[in-house]
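1. sharing a model that was predicted from the sequence below.
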Amino acid sequence: MNRRTEQEITQNWKGDSVKPVVSVCCTTYNHEPYIAKAIDGFLMQETNFPFEILIRDDCSTDKTAEILKQYAGKYPQIIRPVFEKENTFSKGVKPMPQLYKIAQGKYIAICEGDDYWTHSNKLQIQVSEMRKNKELGISFHLASKLINNNLKDPSLKESNKIYTTQEIIKGDFHLVETNTVMIKKICLNNLNYELLRKSPVGDVWIRIACSIPNGALFINKIMSVYRVQSEGSWSQSMQESNKFYPFVNKMIQSIDDFDKYWEYKYKKEFIFFKNMFINALMGRNIPRDKKIFFMKRNKDVISLKNKILWIFIYKNKNKKMVFFLKKIKKSLKKWS
């Protein structure tokens, strides 16, 4: 790849490069096969404003840190690396918020080290659109998915639109990919960092917090790629049922915590959100006694649809019906 020099990247910048308009925040751990592509996606951005690239390596055991040092040496004015001396994620520290604290930009663009951007005007487009919609604290766009080296593009929508906070809550994990997000840093004031620390995920709450109270701007362009189940990724780890069960339990508690923090303004939407996890857990290969315990504990919020699925299919392991449902789901996906 023919990479631009630092001077070529900065030559069209207007304003003080010491005060970037955008902080690109990237977290990485053992992303040796992917991190260069992620950084190249940041460096290809063509903007008329200054931006900085913050990359936090969480004590990788492969050559991720070495690759990062090489890039930082070539782009010292743009790339600000952070190298942890021990793995902090394993101790319950969310890596991305650590970068938010040192970000200097008015806006923060997010991308994890195993994903990458594909559009050279991504930052320029998002900043321009957010300046037009000053009341909004977050924007996002479409992303392609890379599954087993096969790239799948999403269908374009009719146009840009503003999603309400309620729609963001109900659509999350499906509606917004993390590497498409740009937020106003000031909107992070809507977030409770102690609750974020306790939650098994962080990006969901950041997106919701920044959409309060006026919603989120959707930009109808494909500008990035999200790797599904890449080696060491969160999506890969969630395929393991022994990890998924405790994750769902913690997530249900986290939903309750944030629902209370936001004074139950979105209670209906959070019940819907819970049922997404309840539905996913019912179909997993998890011991029956654990499932029964989980369903009893959450009986007050289980939707009618999930109650029917549980009683007639999953509770008594009706394998024929489970197989039939999976076949229907597979067929529907082909038509969608």
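-> Done, it's in. Residues are numbered from 1 along each chain as shown.
2. biggest strand in the protein, by residue count?
-> If you go by DSSP state E, the chain has its longest strand at strand 216-227.
3. for that strand, packing partners?
-> With contacts taken as 3 or more CB pairs under 8 Å, 6 or more residues apart in numbering; DSSP states H and E, strand 216-227 sits against strand 116-117, helix 122-132, strand 138-147, strand 161-163. Glycine gets a C-beta too; all of them are placed from N, C-alpha and C.
4. I'd like the ones you listed as JSON lines, with mean neighbour count, mean pLDDT and distance to P81 appended.
-> Output for the helices and strands packed on strand 216-227, formatted as JSON lines (neighbours: other CB atoms under 10 Å; pLDDT from 0 to 100; distance: least, CB to CB, whole Å):
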{"stretch": "strand 116-117", "mean neighbour count": "24", "mean pLDDT": "98", "distance to P81": "18"}
{"stretch": "helix 122-132", "mean neighbour count": "19", "mean pLDDT": "98", "distance to P81": "19"}
{"stretch": "strand 138-147", "mean neighbour count": "21", "mean pLDDT": "96", "distance to P81": "25"}
{"stretch": "strand 161-163", "mean neighbour count": "16", "mean pLDDT": "97", "distance to P81": "34"}
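5. need the ones you listed in a markdown table with distance to Y75, can you?
-> Formatted as a markdown table, the helices and strands packed on strand 216-227 follow (distance: least, CB to CB, whole Å):
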| stretch | distance to Y75 |
| --- | --- |
| strand 116-117 | 16 |
| helix 122-132 | 15 |
| strand 138-147 | 25 |
| strand 161-163 | 35 |
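6. out of these, which is closest to K14?
-> Set against K14 and scored by CB to CB, these come closest in helix 122-132, at 12.0 Å.
7. quick one: strands adjacent to the longest strand of the chain?
-> Sheet pairing for strand 216-227, assigned by DSSP bridges, gives strand 116-117 (antiparallel), strand 138-147 (parallel), strand 161-163 (antiparallel).
8. report the angle between the axes of the longest one and helix 122-132?
-> To tie it back to what came earlier, the one meant is strand 138-147. Here strand 138-147 runs at 150 degrees with respect to helix 122-132, directions being taken by axes from the mean of the first three to the mean of the last three CA atoms, to 10 degrees.
9. which other helices and strands contact the helix or strand just after strand 138-147?
-> Heading C-terminal from strand 138-147, the first helix or strand you meet, by DSSP states H and E, is strand 150-152. If you count contacts as 3+ CB pairs under 8 Å, 6+ apart, strand 150-152 packs onto strand 138-147.
10. could I have the CA atoms of the strand it packs on written out in PDB?
-> Taking Å, rounded to 0.1, in the frame of the first residue of the first chain, the C-alpha atoms of strand 138-147 are listed here in PDB:
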ATOM      1  CA  ILE A 138     -23.600  10.800  17.900                       C
ATOM      2  CA  SER A 139     -23.500   9.600  14.300                       C
ATOM      3  CA  PHE A 140     -23.000   6.200  12.700                       C
ATOM      4  CA  HIS A 141     -23.000   4.700   9.200                       C
ATOM      5  CA  LEU A 142     -23.200   1.300   7.500                       C
ATOM      6  CA  ALA A 143     -20.500  -1.300   7.700                       C
ATOM      7  CA  SER A 144     -19.600  -4.300   5.700                       C
ATOM      8  CA  LYS A 145     -19.100  -7.600   7.500                       C
ATOM      9  CA  LEU A 146     -16.100  -9.800   7.000                       C
ATOM     10  CA  ILE A 147     -17.000 -13.400   7.800                       C
END
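11. test my guess that I255 contacts F273.
-> Yes. Using CB atoms under 8 Å, I255 is in contact with F273, at 5.9 Å.
12. buried stuff in the longest strand of the chain?
-> Within strand 216-227, the residues that count as buried by 16 or more other CB atoms under 10 Å are 216-219, 221-227.
13. what's the answer for stretch 174-181, then?
-> 176-181.
14. can you pull out the helices in this protein?
-> 6-10, 35-43, 64-74, 95-100, 122-132, 165-171, 193-198, 203-211, 234-237, 241-261, 267-282, 288-297, 304-309, 319-335 (DSSP state H).
15. so can I have a markdown table of the ones you listed showing distance to F83?
-> What follows is these, written out as a markdown table (distance: least, CB to CB, whole Å):
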| stretch | distance to F83 |
| --- | --- |
| helix 6-10 | 21 |
| helix 35-43 | 13 |
| helix 64-74 | 6 |
| helix 95-100 | 12 |
| helix 122-132 | 25 |
| helix 165-171 | 34 |
| helix 193-198 | 22 |
| helix 203-211 | 22 |
| helix 234-237 | 22 |
| helix 241-261 | 27 |
| helix 267-282 | 35 |
| helix 288-297 | 40 |
| helix 304-309 | 45 |
| helix 319-335 | 42 |
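16. so which of those is nearest L151?
-> Nearest to L151, of all the helices of the chain, is helix 35-43, at 13.0 Å by CB to CB.
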